[in-house]
Every structure is written in C-alpha cells, then in structure tokens.
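Peer 1: Below is the sequence, then the predicted model.
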Amino acid sequence: MQFIIGNWKMNGTRKEKDTMTATISRKKTSARVILCLPFTLLSGENHGVLIGAQDISEHDNGAYTGDISGKMIAETGAKYVIVGHSERRSNHDETNKMIKTKAENAIKNKLIPIICIGETLAEHKSGATKAVITKMMKETLPISGKFIVAYEPRWAIGTGLTPTPEQTAQIINMIYEYLKKHNHGTTPIVYGGSINATNAKSFISIPHINGLLIGGASLKTKTFLPIIDSIS
Ligand code: PEP
C-alpha cells in the first residue's frame, strides 16, 4: 500500500479543508491519503479522510504556552503527526533528541509519527548524505512502536529541486536496510521534496518507497488529485 501524505503547513481555511476532504473521499484510490493540517483544522468534518497534525509537544501537560500535547491531538480524531520536519528543525531549533521524544510521545498517545530525516544542500554536495541520514535514524527513531520514515532532503523542500530517482533509490535502500537490521523491516518509507504530478510516478516506482509526502502541491485539488491518480 502506498501513502500519499499532504502537509498543508500554515495554510488553509475550514472551507478549503471541507472542499479537499470531500473531493478526496469521492476518489477511488488504493492509496492511503493523509492530510496533515494546522492544529485549528484537525477537528470537525473530514469526510472520512485520515488527518494528521504537523507537530506535537515533547510534554504531556503543564506550563508550555502554545504547545499541543499528544493527548490533545488524539482527542481531535487525528491519527498521524509529522515530527522533525525540516522547517521545525530550522525555524524552531528542533534537535534529534527532541524529535525522538516527540515521536515516542506520539506513539504513547496512539498516534503514528511521520519522522522526517534529510540532509542540507551543503551535506548533499559534500557527499555526507549517508552519514547524516544514518545519524538521524540512530538519534530519532523509537525502539518500538509503529512509525513512518519520511526521507526529505532539506534542499528539495519547496524549491522545485529534487535528487535524481537514482540518488533517491540509493538513500531509500540504505534506510530500508537500516530499518530491517533494527527490527523495523515493515516500516513504511516515503519520499518528500518538490513532488508534483509530473515527477510523482518516477519517485513512487523506486524500490522500497511506500509513498510520498507533499507540501505545496497538496494545497489545491487541481495539483493534489493528479498525484493521487499517479498511484492508482
Ligand atoms: C514538505 O513540506 O514536507 C514538502 C515536501 O514540501 P514541498 O512538496 O512543497 O517541497
């Protein structure tokens, strides 16, 4: 089964969520479509579409103004949560240690974390990708529980740039082998970074890829639905 995960970031109104979820619910697809929405849109009508959050607090409750706990997210009916997105690492100084705690907190609250890992452009250019990805996996992945790994090269997010399918295949294979060695051989691996209707098929057909994580192109039905179609 392939996952198609939309990340709306800080975009979207209730009306836009309604239009998107109603349209997806009418679609015949073998893909598991998940929409990761801002906290304000998690609850309410979702026309049966799976919903995820974009962040989770490291803490259970208490004096953490502005944070949202796993229990609060679960109470909205959301089933997934993105952790360690590149924009959280850059804009909020999130570390691997924090990301691991967030992922474990998600699992504790019966949410499935979508754990993002990816190298910077400088790391990509200097050939450090494999070492960076391995370190991130060592330091962020929970020992047990269900999760999804999202390989998102940080330089590919929102830039229109992507690694070649061949470069991607090498990294995905390395992630797959690492997961297998650590008793997570069935953990889904998705790719994210500048996916659109034109390039979706070449990424989805890479061995061991189980889906795509899509930012910009997930915001409008006109750009999102053709990506879902590329799976079916
Ligand atoms: C993302 O935000 O996770 C992402 C992949 O964004 P985009 O598809 O816009 O590159």
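Peer 2: Perfect, I can see it now. Note that the structure is a prediction, hence the values are computed from the model and not measured.
Peer 1: So what does the residue of the chain most remote from its centre have for phi and psi?
Peer 2: The centre of the chain is farthest from one residue, Ala63, which by C-alpha atoms, centre = their mean lies 27.9 Å away. With angles defined as degrees, to the nearest 10, Ala63 sits at phi -80, psi 70.
Peer 1: How confident was the prediction at it?
Peer 2: Looking at Ala63, its pLDDT stands at 98.
Peer 1: The chain should start at 47 in everything you say after this.
Peer 2: I'll keep to 47 as the first residue from here, and by that count the last item is Ala109.
Peer 1: Which residue is the nearest non-sequential neighbour of the residue of the chain found nearest the ligand?
Peer 2: Proximity of the chain to the ligand (C-beta to the nearest ligand atom) peaks at Gly261, 2.2 Å away. (C-beta placed from N, C-alpha, C; glycine too.) Spatially, and ignoring its direct neighbours in sequence, Gly261 is nearest to Asn53 (4.9 Å; C-beta to C-beta, 6 or more residues apart in numbering).
Peer 1: quick revisit: how many residues are close by the residue of the chain closest to the ligand?
Peer 2: 22 (other C-beta atoms under 10 Å).
Peer 1: got the contact list for it?
Peer 2: Applying C-beta atoms under 8 Å, 6 or more residues apart in numbering to Gly261 gives the contacts Gly52, Asn53, Lys55, Ile203, Gly204, Gly238.
Peer 1: mind checking pLDDT for it?
Peer 2: For Gly261, pLDDT reads 98.
Peer 1: so which strand or helix has Ile274?
Peer 2: helix 267-275 (DSSP states H and E).
Peer 1: Show me which residues of the chain are close to the ligand?
Peer 2: When proximity is defined by C-beta under 6 Å from any ligand atom, the chain lies next to the ligand at 53, 198, 203-204, 238-241, 259-263.
Peer 1: Farthest pair within these?
Peer 2: Within the residues of the chain next to the ligand, Glu198 and Ala263 form the most distant pair, 14.0 Å apart (C-beta to C-beta).
Peer 1: in the chain, which spans are helices?
Peer 2: 60-71, 116-121, 132-138, 142-154, 167-171, 175-186, 211-227, 246-250, 267-275 (DSSP state H).
Peer 1: Please work out which residues outside the fifth one touch it.
Peer 2: In other words, helix 167-171. Residues outside helix 167-171 that contact it (C-beta under 8 Å, 6+ apart): Thr175, Val178, Pro199, Arg200, Trp201, Pro209.
Peer 1: which residues of this structure score low on pLDDT?
Peer 2: 278 (pLDDT under 70).
Peer 1: and the residue most central in space within it, what are its bridge partners?
Peer 2: Centroid check for the chain by C-alpha atoms, centre = their mean gives Ile160 as the closest residue, at 4.7 Å. Note on Ile160: beta-bridge partners Ile128, Ile194, judged by DSSP bridges.
Peer 1: Isn't it up against Leu96?
Peer 2: No: with contact defined as C-beta atoms under 8 Å, Ile160 and Leu96 do not form a contacting pair (11.5 Å).
Peer 1: what sits in contact with each of these two?
Peer 2: In contact with both Ile160 and Leu96: Tyr126, using C-beta under 8 Å, 6+ apart.
Peer 1: returning to that earlier point: reformat the helices of the chain as a markdown table; add mean neighbour count.
Peer 2: Shown next, in a markdown table, are those (neighbours: other C-beta atoms under 10 Å):
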| stretch | mean neighbour count |
| --- | --- |
| helix 60-71 | 17 |
| helix 116-121 | 19 |
| helix 132-138 | 16 |
| helix 142-154 | 20 |
| helix 167-171 | 14 |
| helix 175-186 | 17 |
| helix 211-227 | 16 |
| helix 246-250 | 18 |
| helix 267-275 | 17 |
